[in-house]
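In: got a predicted structure here, sequence first:
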Amino acid sequence: MARYIDLHHDLQFIALDLADQLRPGTFEHALNHLIDRQLDLSHFDVRYRNDVCGAPAYPPARLLKVVFFAYSQDLIGSRPITNACARDATFIALSGNSQPHFTTIANFVGQLGEDIATVFGAVLAICQRQGLIGGALFAIDGVKLPSQASKHRSDTRADFERQATKLEAVAKQLLTQHETLDGQPVDTALTTQKARHIQRLNHDAIQLREWIADNPADRKGVSGKPIKSNRTDNHSAKMATDKGVIQGYTGVAAADAKHQIIVGAEAHGTGAEQDLLMPMLDAVESLSPDETLITADSGFHSTANLVELNARGINALIADH
């Protein structure tokens, strides 16, 4: 009977050269090279105050590498990225086998702010030097993105004022009933439940009053019109989608036709795409020659946009309704 070599699929200790995992010609090799040798990340240094005391921090370059590579693999979320940094050879190589905790990744991504815009601009500059951006046609499109906020916490300041007043009135009424019944034989459990209800109403009312004090004016959209605020995420907005109403953002991107490189990307707390066409054109103006053709779907169509495009002399094809 034929005999074969045993195959092992269980845990093994293998000598691994991390540099060999980033093979030339792959996205991860280009990512590693660009971040280490082409991008200036010195603006990240101001985040840290540990030059004299405190624990060493994870290098921003390492965190950017694993986050960008994770996004390219459709891997979203800090916990999955942390798991990949412990199990996947490419992630281990990009992170220098540092295995950052998921809270470290979450804090880093959550605080990127304008720093990531600087990195994005630097990458576009490299693409332009390499001749990867044609500038003949920019296609603009948008997508609705949900946020980690409840849509039921969205309203105007006036509505929040009414809610707080109503909560305070109900709490006061219940408190009066409670005090009236204190001298009578009542169910102790029921009395405790009412006391907790009153406490919860007062707590909610206090939170509303504090939010109103911290936000003295209603939010305004891109067009300047007042829009509803959200007490959990006041940068997001209520918007209708084909799957119902969500609390979130409208993400807008402009892609160059030559190699489908994204030349502009923004997220706005509004569901009206018509209001976002001009801000996106302003964002990509430095990359678009005068003859660049702009295309967009009917979501960006409005008379005001057509008038503005004509006034600026921008060649555009915007689908109508």
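Out: Sure, I can see it. Numbers count the residues shown, from 1 in each chain.

In: need the contact list for residue 283.
Out: 254, 264, 266 (Cβ atoms under 8 Å, 6 or more residues apart in numbering). (C-beta placed from N, C-alpha, C; glycine too.)

In: how close does residue 157 sit to residue 150?
Out: Look at residue 157 and residue 150: by Cβ to Cβ, to the nearest Å, they are 18 Å apart.

In: hmm, back to that, can you list the contacts of residue 283 in TSV and add secondary structure and neighbour count?
Out: Putting the contacts of residue 283 into TSV (DSSP: H, G, I helix; E, B strand; the rest coil; neighbours: other Cβ atoms under 10 Å) gives the following:
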residue	secondary structure	neighbour count
254	strand	23
264	strand	22
266	strand	16
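
In: who's more crowded, residue 157 and residue 150?
Out: Using other Cβ atoms under 10 Å as the criterion, residue 157 and residue 150 rank with residue 157 on top: 17 against 12.

In: residue ranges with poor pLDDT in the stretch 101-250 of the chain?
Out: Counting by pLDDT under 70, the stretch 101-250 of the chain shows low-confidence ranges at 178-191, 221-224.

In: and the helices in the chain?
Out: Using DSSP state H, the helices of the chain run over residues 27-37, 60-72, 78-87, 89-94, 102-110, 114-129, 157-181, 188-214, 277-283, 303-312.

In: if you compare these, which one is most tucked away?
Out: Compared across the helices of the chain, helix 89-94 shows the largest average neighbour count, a mean of 22 (mean count of other Cβ atoms under 10 Å).

In: so what secondary structure elements neighbour that helix?
Out: For helix 89-94, the elements it packs on are helix 27-37, helix 60-72, helix 78-87, judged by 3 or more Cβ pairs under 8 Å, 6 or more residues apart in numbering; DSSP states H and E.

In: dump the ones you listed to TSV, plus mean pLDDT and distance to residue 296.
Out: Output for these, formatted as TSV (pLDDT from 0 to 100; distance: least, Cβ to Cβ, whole Å):
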stretch	mean pLDDT	distance to residue 296
helix 27-37	91	28
helix 60-72	92	24
helix 78-87	93	33
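
In: domain ranges for the protein, per the record?
Out: Per automatic domain parsing, the structural domains of the chain span 18-129, 137-148+232-318, 157-217.

In: redo those domains as TSV? Include distance to residue 8.
Out: Shown next, in TSV, are the domains of the chain (distance: least, Cβ to Cβ, whole Å):
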stretch	distance to residue 8
domain 18-129	17
domain 137-148+232-318	43
domain 157-217	58
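
In: which one of the ones you listed lies closest to residue 12?
Out: domain 18-129 (12.7 Å; Cβ to Cβ).
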